[in-house]
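Starting from these lines, generate the structure:
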Amino acid sequence: GFLIETDQVGSIIAESLADPLGLGPAAVAQVQARRPAGQDRARRGGLAVAYEQYIGLGKATGHLQQALNEVKDLKSRIAAIVKSTPRATAGSTYYWELDPTYYSVTSSTFMGQLMSLLGLTSIADTVGVNSNGGYPQLNSEFILQANPTYIFLADSKCCQASAQTVAARPGWSAMSAVANHRILTLDDDIASRWGPRIVILLQQVANFLKSQQG
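Residues are numbered from 1 along each chain as shown. Purely as a prediction, here's the structure:
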């Protein structure tokens with residue numbers, strides 16, 4: 001299943017930001033070795049904590065100004081995408097699939113907060129926005145009953161998830177998102193990691209929403 005351990009988060013962020021900050025393997029390893037005891041905040045945190053981690057990485061490796069510039073650029077690009085995208089219809093929900101065992105994200109995670117900016121609410125929020133650090137494991141019955149407006153598949157590479165495999169699941173063909181072809185397949189590598197490429201994913205979701213709104 002999809003489990004994000006507390007001590008993995010610093011590694012994920014460090015590795016994701018290594019290229020834009022010009023860091024080599026040794027620098028990344030150094031940051032990982034100095035992960036603070038409060039790293040659990042990153043696991044539970046949303047965009048603000050992710051930005052803090054980015055800046056912290058830059059500071060720890062002598063690239064603070066570059067990190068500050070990267071964060072400023074990320075915020076600007078995210079804001080531009082949100083501004084150019086009509087908000088989803090009130091009450092629109094989504095199921096974000098991290099793996100075939102139904103691990104998902106809530107609105108407390110950085111990905112969930114990005115979706116909230118577009119007017120979408122995770123069906124996983126009803127089990128508690130901080131459940132399992134914001135990454136609760138749902139089940140098929142729960143998802144069917146929630147009947148999300150949209151389905152986002154972040155397990156297409158690892159597990160070959162697709163609109164076809166989702167529709168073939170027992171009972172899922174009658175789900176609104178499936179019946180109305182509101183399923184978006186995402187790049188696992190981008191969808192599961194915080195980093196500059198997250199803007200690419202946000203734009204992909206925004207374009208998808210625009211296409212659905214006609």
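
any idea how far Asn147 is from Leu184?
Noted for Leu184: a distance of 17 Å to Asn147, by CB to CB, to the nearest Å. For every residue, glycine as well, the C-beta is placed using N, CA and C.

Now stretch 101-117: buried residues?
Buried residues in stretch 101-117, counted by 16 or more other CB atoms under 10 Å: 102-117.

ah, wrong one, I meant stretch 140-148
142-143, 146, 148.

What are the contacting residues of it?
Outside stretch 140-148, the residues that touch it by CB atoms under 8 Å, 6 or more residues apart in numbering are 93-95, 102, 123, 126-127, 169-172, 175-177.

So the residue lying farthest from the centre of the chain: helix, strand or coil?
The centre of the chain is farthest from one residue, Gly62, which by CA atoms, centre = their mean lies 27.9 Å away. Following DSSP: H, G, I helix; E, B strand; the rest coil, Gly62 is assigned to coil.

do Ile151 as well
Assigned state for Ile151: strand (three-state reduction, three-state DSSP).

hey, where'd the strands end up in the chain?
Remark: strands assigned in the chain by DSSP state E are 93-97, 121-122, 150-153, 183-185.

separation between Ser176 and Leu117?
23 Å.

again with Arg77
12 Å.

can you check Glu97 too?
20 Å.

can you count the residues close to Met175?
Met175: 21 surrounding residues under other CB atoms under 10 Å.

Name the nearest residue to it, ignoring sequence neighbours.
Of all residues not flanking Met175 in the chain, Asn147 sits nearest, at 5.8 Å (CB to CB, 6 or more residues apart in numbering).

before we move on, back to that, show me the buried residues of stretch 101-117 that map onto helices.
Using DSSP state H, the members of the buried residues of stretch 101-117 that fall within helices are 110-117.

Take these and write them to JSON lines, including pLDDT and distance to Pro196.
Converted to JSON lines, these look like this (pLDDT from 0 to 100; distance: CB to CB, whole Å):
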{"residue": "Phe110", "pLDDT": "86", "distance to Pro196": "13"}
{"residue": "Met111", "pLDDT": "90", "distance to Pro196": "15"}
{"residue": "Gly112", "pLDDT": "93", "distance to Pro196": "19"}
{"residue": "Gln113", "pLDDT": "92", "distance to Pro196": "17"}
{"residue": "Leu114", "pLDDT": "93", "distance to Pro196": "13"}
{"residue": "Met115", "pLDDT": "96", "distance to Pro196": "18"}
{"residue": "Ser116", "pLDDT": "96", "distance to Pro196": "20"}
{"residue": "Leu117", "pLDDT": "95", "distance to Pro196": "17"}
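
Alright, I will stop here.
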